[in-house]
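Asks: Here's my sequence, what's the structure:
(chains A, B, C and D)
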Number of protein chains: 2
Amino acid sequence: MNTSLAITNRSLHDQVVSRVRDLIIEGVLEPGSRIDEASLIDELGVSRTPFREALRTLAAEGLLIVRPSKGSVVRKLTPEDVFAMLEVLGHLEQLAGELACERASDEEIQALVDLHNRMLVQYRARDRMPYYKLNQEFHSRLTELSKNDTLQEMQRNLQARLKRIRYIGNQRPDSWAGAVEDHEVMVSALKARDGARLGQAMAQHIANTWDRVKDSI
Amino acid sequence: MNTSLAITNRSLHDQVVSRVRDLIIEGVLEPGSRIDEASLIDELGVSRTPFREALRTLAAEGLLIVRPSKGSVVRKLTPEDVFAMLEVLGHLEQLAGELACERASDEEIQALVDLHNRMLVQYRARDRMPYYKLNQEFHSRLTELSKNDTLQEMQRNLQARLKRIRYIGNQRPDSWAGAVEDHEVMVSALKARDGARLGQAMAQHIANTWDRVKDSI
DNA sequence: TTTTTTGTTCTTGTATACAAAATACACAAC
DNA sequence: GTTGTGTATTTTGTATACAAGAACAAAAAA
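Replies: As a prediction, the model looks like this:
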């Protein structure tokens, strides 16, 4: 419909939300630190109104906390928080895997297998950043195959909250191989449309993630 | 403006959020209808800024949709939406049940049994509204026993979105008995700390809910 | 020297004003 | 009668101003 040349189809609100979200995920805004409205507004070149609305959205997403009359702080995750999130994420992805086996088309499964193969290339080249990005996509795409919008939404939300953690976890070289092996099992189960096995593999994969990250939180 | 004596520890934002959320859940603001900022602001006696911030929060909760430059509409749930939500909620509560069996204290379990007994009283008296409220509490409290904050948060969120649907479902008399039986099984499994059985029962209970409501959406 | 009090400054919360976009409506052309 | 166009009106989006609250620091008292 709107095929205008300008890219500004997105509302100012959405732009600010994703911009600040990235700042949090990338660690520019450190966990526990207070958000300096004035300087961020200045940097982003927007006024307070859309900025504050963006803060409310991010607070609802669980990325920051708005303390009445005391400003907003980037949410700091305790090990217990991370464990709780991974516990839930594990079960959500387990469900996603089972549903995907029932509901995905052959083409969709093949696309995921291709994605997995591309990940292997990056793994063999020890190219961490591209691998990391493909990994995020792998989990998102697999969840999409569940054909359950709510499930996708919740998975996306948890993934966003944990993005930094997961990145840290992946930085420890010894664990990388394990993650790749997990994916190997997942892909083979998906090809066989073995829902139970895929679900188990995904839950296990998330549980392994906890083992990988728990000491670095 | 601020009723001085009153304990207004809650920010205006929070008050507006829960007020509007209730209006949506109670059906005063009908699904699909546009939100008339001017009249609602007038009715609530607040200005646009906190009101709009509240809309952003509710949008993030999934209760309404903000269409840029076109106002906000109360989210209208399709049968597919409801099915997707119940599918996820079922698995979340299944997980909650299993965790509760591992992590809850005897006192906490006893408190839930007491709550169940109070529900039975209302059921025998055919007192629908008190039963409905206790039922919400039952599910919330059981989820609390999982000791997983993220799980609670997501359960709360889905429960809020589905609140109206569930109410409609409960209005059909023939299904009431079934729901009570489900709870009976759940409570007995909890007392026995039989996680697998409780999880199954909870998932089943949610699945039954779908059967009860699917024709009325 | 330590603690409490008070005043100043900075930050946040709320209201309002202004700009931009969308909708509704009237009138004209086909 | 239908379609199109231009204008008026309403509604939303953004900016800014003002008020209220919290943090901080300096001065006075213990």
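Asks: A:A100: what's it in contact with?
Replies: A:142-143, A:145-146, A:190, A:195, A:198 (C-beta atoms under 8 Å, 6 or more residues apart in numbering or on different chains). Where C-beta positions appear, they are placed from N, C-alpha and C, glycine not excepted.
Asks: Show the contacting residues for whichever residue of chain A sits closest to chain B.
Replies: Closest to chain B within chain A is A:A60: 3.3 Å, counting by C-beta to the nearest C-beta. Contacts for A:A60 were tallied using C-beta under 8 Å, 6+ apart; they are B:56-57, B:60-61.
Asks: Please tell me how far it sits from A:E43.
Replies: Noted for A:A60: a distance of 23 Å to A:E43, by C-beta to C-beta, to the nearest Å.
Asks: and if you look at A:N208?
Replies: Using C-beta to C-beta, one obtains 38 Å as the distance from A:N208 to A:E43.
Asks: Between those two, which is the more surrounded one?
Replies: Of the pair A:N208 and A:E43, A:N208 is the one with more neighbours under other C-beta atoms under 10 Å in any protein chain shown, namely 18 against 11.
Asks: What are the phi and psi values at A:R67?
Replies: phi -100, psi 120 (degrees, to the nearest 10).
Asks: can you pull the contacts of it?
Replies: When contacts are counted by C-beta under 8 Å, 6+ apart, A:R67 touches A:V73.
Asks: Which single residue in chain A comes nearest to DNA strand C?
Replies: A:G71 (2.9 Å; C-beta to the nearest atom of the strand).
Asks: Is there a neighbour count for that residue? I'd like the number.
Replies: 13.
Asks: so it touches A:S33, yeah?
Replies: No: using C-beta atoms under 8 Å, A:G71 is not in contact with A:S33; the gap is 10.5 Å.
Asks: coming back round to it: most neighbours of all the contacts of A:A60, which one?
Replies: Counting by other C-beta under 10 Å, top hit in these: B:R56 with 26 neighbours.
Asks: Who are the contact partners of it?
Replies: So B:R56 contacts A:13, A:53-54, A:56-57, A:60, B:66 (C-beta under 8 Å, 6+ apart).
Asks: by how many degrees do the lengthiest helix in chain A and helix B:79-103 diverge?
Replies: Secondary structure assigned by DSSP state H gives helix A:79-103 as the longest helix of chain A. Orientation check (axes from the mean of the first three to the mean of the last three C-alpha atoms, to 10 degrees): helix A:79-103 against helix B:79-103 gives 130 degrees.
Asks: Could you identify the helix or strand that succeeds helix A:79-103?
Replies: helix A:106-124 (DSSP states H and E).
Asks: any idea of the mean pLDDT in that next one?
Replies: Computed over helix A:106-124, the mean pLDDT rounds to 95.
Asks: what comes up buried for that helix?
Replies: For helix A:106-124, a neighbour-count test (16 or more other C-beta atoms under 10 Å in any protein chain shown) marks A:108-109, A:112, A:115-116, A:119, A:122-123 as buried.
Asks: Kindly report the residues of chain A close to DNA strand D.
Replies: Counting by C-beta under 7 Å from any atom of the strand, chain A comes close to DNA strand D at A:11-13, A:46-50, A:69-70.
Asks: For PyMOL, write the select line for the buried members of those.
Replies: Buried residues among those (16+ other C-beta under 10 Å), as a PyMOL selection:
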select buried, chain A and resi 12+13+46+50
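Asks: residue nearest the centroid of chain A?
Replies: For chain A, the residue nearest the mean C-alpha position is A:Q159 (2.6 Å; C-alpha atoms, centre = their mean).
Asks: how about that one, what does it touch?
Replies: Counting by C-beta under 8 Å, 6+ apart, A:Q159 touches A:89, A:136, A:139-140, A:166.
Asks: Make a markdown table out of these and add pLDDT, secondary structure and neighbour count.
Replies: Listed next are these as a markdown table, based on pLDDT from 0 to 100; DSSP: H, G, I helix; E, B strand; the rest coil; neighbours: other C-beta atoms under 10 Å in any protein chain shown:
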| residue | pLDDT | secondary structure | neighbour count |
| --- | --- | --- | --- |
| A:L89 | 96 | helix | 25 |
| A:Q136 | 92 | helix | 15 |
| A:H139 | 95 | helix | 21 |
| A:S140 | 96 | helix | 13 |
| A:R166 | 73 | helix | 21 |
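Asks: any low-confidence regions in chain A?
Replies: Residue ranges of chain A with pLDDT under 70: A:1-9, A:167-173.
Asks: Try it again at 80.
Replies: A:1-11, A:164-175, A:216-217 (pLDDT under 80).
Asks: residue ranges of the helices in it, please?
Replies: Under DSSP H, chain A gives helices at A:12-25, A:37-44, A:48-61, A:79-103, A:106-124, A:128-144, A:149-170, A:173-191, A:195-213.
Asks: tilt between the last one and helix A:149-170?
Replies: Angle of helix A:195-213 versus helix A:149-170, following the same axes, to 10 degrees, is 40 degrees.
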